[in-house]
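[1] just need the structure, nothing else, for what follows:
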Amino acid sequence: MFEIVGRLRCPVCSEPVQPDEKVFLDIIYTVMHQKCYYKSPQRKLPIKDEGSFQKMLMKYSFFNEDEEDDSM
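    Below you'll find the model as predicted:
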């Protein structure tokens, strides 16, 4: 159902984001671990949403878009 699980990586630590992990979604729809957000010395964008990655998968439809639909 969600092909992105196991493939989406945190931009800070480069580890795959797991459904049960706490994440932030920033205003440009970047998903990163909450723990990494606070550790990162880089400038941070405002947070749009927060919670478990599973919650984000259910809430935002763009995580479930098929790649085949974009092939036109």
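[2] okay, and the spatially closest residue to Pro11 that is not a sequence neighbour sits in which element?
    Nearest-residue entry for Pro11: Met32, 5.7 Å, with adjacent residues in sequence omitted and distances by Cβ to Cβ, 6 or more residues apart in numbering. All C-beta spots, glycine's among them, are computed from the backbone N, C-alpha and C. Element membership of Met32 [criterion: DSSP states H and E] is strand 31-33.
[3] pull up the pairing partners for that strand, direction included.
    strand 22-26 (antiparallel) (DSSP bridges).
[4] for the strand it pairs with, output the C-alpha coordinates as CSV.
    Presented in CSV, the C-alpha positions along strand 22-26 are these (Å, rounded to 0.1, in the frame of the first residue of the first chain):
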residue,chain,number,x,y,z
LYS,A,22,8.4,10.4,15.5
VAL,A,23,9.0,12.8,12.6
PHE,A,24,8.5,16.4,11.6
LEU,A,25,7.1,17.5,8.2
ASP,A,26,8.4,20.9,7.3
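[5] buried residues, it. List them.
    Buried residues in strand 22-26, counted by 16 or more other Cβ atoms under 10 Å: 23-26.
[6] from those, pick the one nearest Phe62.
    Leu25 (10.7 Å; Cβ to Cβ).
[7] tell me the pLDDT at the closest residue to the closest one other than its chain neighbours?
    Counting by Cβ to Cβ, 6+ apart, Asp49 is the residue found nearest to Leu25 once chain neighbours are left out, at 4.4 Å. At Asp49, the pLDDT value in this model is 97.
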